[in-house]
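Enquirer: Here you go, sequence then predicted model.
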Amino acid sequence: MAHRPLACVILAAGKGTRMKSDLPKVLHRVAGRPMVGHVLAAVKTLDPDHVVVVVGPGMDSVAAAVAPYPTAVQHEQRGTADAVRAAFGLLEGFTGDVIVLYGDTPLVTPDTLRALVQARRQAADPAVVVLGMRPDDAGAYGRLILNARGGLEKIVEYLDASEEERAVTLCNAGLMAFDGARMFDLIGSVGNDNAKSEYYLTDVVQIARRAGMACAVVEAAPAEVVGVNSRAELAEVEKLLQGRLRKAAMDNGATLIDPDSTFLSVDTRLGRDVVVGPGCFFGAGVTVGDRVEIKPYCHLEGVRIDSGAVIGPYARLRPGAEIGPDAHIGNFVEVKNAVIEAGAKANHLTYIGDARVGAKANIGAGTITCNYDGFSKSRTEIGAGAFIGSNSALVAPVVIGDGAIVGAGSVVTMAVEADALVVARGNQKAYAGWAKRFRERKQNEKAKKA
Ligand code: UD1
Ligand code: MG
């Protein structure tokens, strides 16, 4: 069969007034990714020939976020049909199928998009296929009005609907698929004679029907097409997506001891037999190998953890941390831009930044890499099998050789040779009986005063 081209138009020009935000609505993040990024990711799975994102004036940040996909600017917000018209310039002469999506409806799945396209290509050759849903509360959604044969006859916006029409439970989810050859004329003839004086995309159904063209509906689960207009809806969508991500992680063989308190990003990768304790947060860019244990209350972002490592509780792994196989990163340990090699341990109260910790090295409690002098960052190299005594400060740039031992409480400012012992602290002095004499003198003074 010949390839039938596909174009996707994503509407994102809305100001998102109800978000009360300086950030354009579609850039608000869900599971670590801007909403419009989710829509693009779903669209990408269809391998479309064209993608156009319609933005409002001055939305350069949205254009940057969706690049390399092109944007078209809708200069004035005059409704959803007008928004699609803004993309016409970039789609001139296009005759394949066109899907119109909303940038603020981020949970739509590739399966649903495929179902829309399939319905568009069925034998009846509908000019428009609308994605419908039956939410528990139909609220102010547009209503889908079917004819006696079950075909789609028109869409009425809530504000323009009669009591009878408002009682209809089948709602417009917002997404539509068009036959590109007929779309330009259909959308071009939409007027604005309605409650909001806007050019409603939804009017195309009635226009198509009057011209004798077929229109169809595909139903989707309401949870997939929740639109975000407020922070509360953003939280609702986050919750739904977290549910999906947690389930996928568990389906892939990770144990989430308390899924409800585990926060994942869309790109979080958890290996087989990973165990995640309650209260862990996975920011963007975390990959976890097989059999890793992440104990409760860890915060991870931009990190790779290799198989068999044990992390936490209360660890903070920041971007550029690479935790080698079977390494241990314990409580209140922070690691940033540092490679911790196989089997190395930093079990308590430590900061390791801009460093390499060699295989099987042991980092004592309270050790700090002093990587910043107020102007620039410097590196610390710790050799394989080295032992860093508790409460040491390693002043970077500094190199600790393989197998070296650093005495507890040292401030290390110069290179330490392999297998050497370095003790860089005040020498211990002892004064026999001093404490006892001190106490006696103080007690005598007190007695005299009384
Ligand atoms: C729209 C539908 C309604 C449907 C609902 C589902 C219309 C007329 N109504 O209503 O039937 O039930 O979505 O959520 O289409 N946008 C622009 N430019 C504009 C106006 C809107 O780009 O001039 C974009 C918005 O950024 C948003 C999308 O289009 O991403 C939908 O606009 P919105 O104002 O939220 O439409 P609803 O009133 O929710
Ligand atoms: Mg909306």
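Expert: Thanks, I have the structure now. Ligands and ions are numbered 1, 2, ... in the order given.
Enquirer: Which secondary structure elements does the host helix or strand of Lys446 sit against?
Expert: Following DSSP states H and E, one finds Lys446 within helix 434-449. If you count contacts as 3 or more Cβ pairs under 8 Å, 6 or more residues apart in numbering; DSSP states H and E, helix 434-449 packs onto no helix or strand. Yep, even glycine has a C-beta here, placed from its N, CA and C like the rest.
Enquirer: Keeping just the C-alphas, turn that helix into CSV.
Expert: C-alpha atoms of helix 434-449 as CSV (Å, rounded to 0.1, in the frame of the first residue of the first chain):
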residue,chain,number,x,y,z
TRP,A,434,45.4,17.5,84.4
ALA,A,435,41.6,17.0,84.3
LYS,A,436,41.4,15.8,87.9
ARG,A,437,43.5,18.8,89.1
PHE,A,438,41.4,21.2,87.2
ARG,A,439,38.2,19.8,88.7
GLU,A,440,39.6,20.0,92.2
ARG,A,441,40.7,23.6,91.8
LYS,A,442,37.3,24.6,90.5
GLN,A,443,35.5,22.9,93.3
ASN,A,444,37.8,24.6,95.9
GLU,A,445,37.0,28.0,94.4
LYS,A,446,33.3,27.3,94.6
ALA,A,447,33.6,26.2,98.2
LYS,A,448,35.4,29.5,99.2
LYS,A,449,32.7,31.7,97.6
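Enquirer: ok, and for it, which residues are buried?
Expert: By neighbour count on 16 or more other Cβ atoms under 10 Å, the buried set for helix 434-449 is empty.
Enquirer: contacting residues for the residue in the stretch 251-400 of the chain that ligand 1 sits nearest to?
Expert: Distances between the stretch 251-400 of the chain and ligand 1 by Cβ to the nearest ligand atom are smallest at Val266, namely 19.9 Å. Residues in contact with Val266 (Cβ atoms under 8 Å, 6 or more residues apart in numbering) are 31-33, 38, 41, 241, 245.
Enquirer: Look up the residues forming beta bridges with Leu270.
Expert: Val288 (DSSP bridges).
Enquirer: Buried among the contacts of Val266? Need that as a selection in PyMOL.
Expert: For the buried members of the contacts of Val266, the matching PyMOL selection, counting by 16+ other Cβ under 10 Å, is:
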select buried, resi 31+32+33+38+241+245
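Enquirer: May I ask which two of the contacts of Val266 are separated the most?
Expert: Ala41 and Leu245 (13.1 Å; Cβ to Cβ).
Enquirer: how far away is Pro34 from ligand 1?
Expert: Going from Pro34 to ligand 1 by Cβ to the nearest ligand atom, to the nearest Å gives 13 Å.
Enquirer: My guess is that residue contacts Ala65. True?
Expert: Yes - counting by Cβ atoms under 8 Å, Pro34 touches Ala65, with 5.6 Å between them.
Enquirer: residues from the stretch 51-200 of the chain in reach of ligand 1?
Expert: 54, 74, 77-80, 82-83, 102-104, 141-142, 155, 157, 171-174, 200 (Cβ under 6 Å from any ligand atom).
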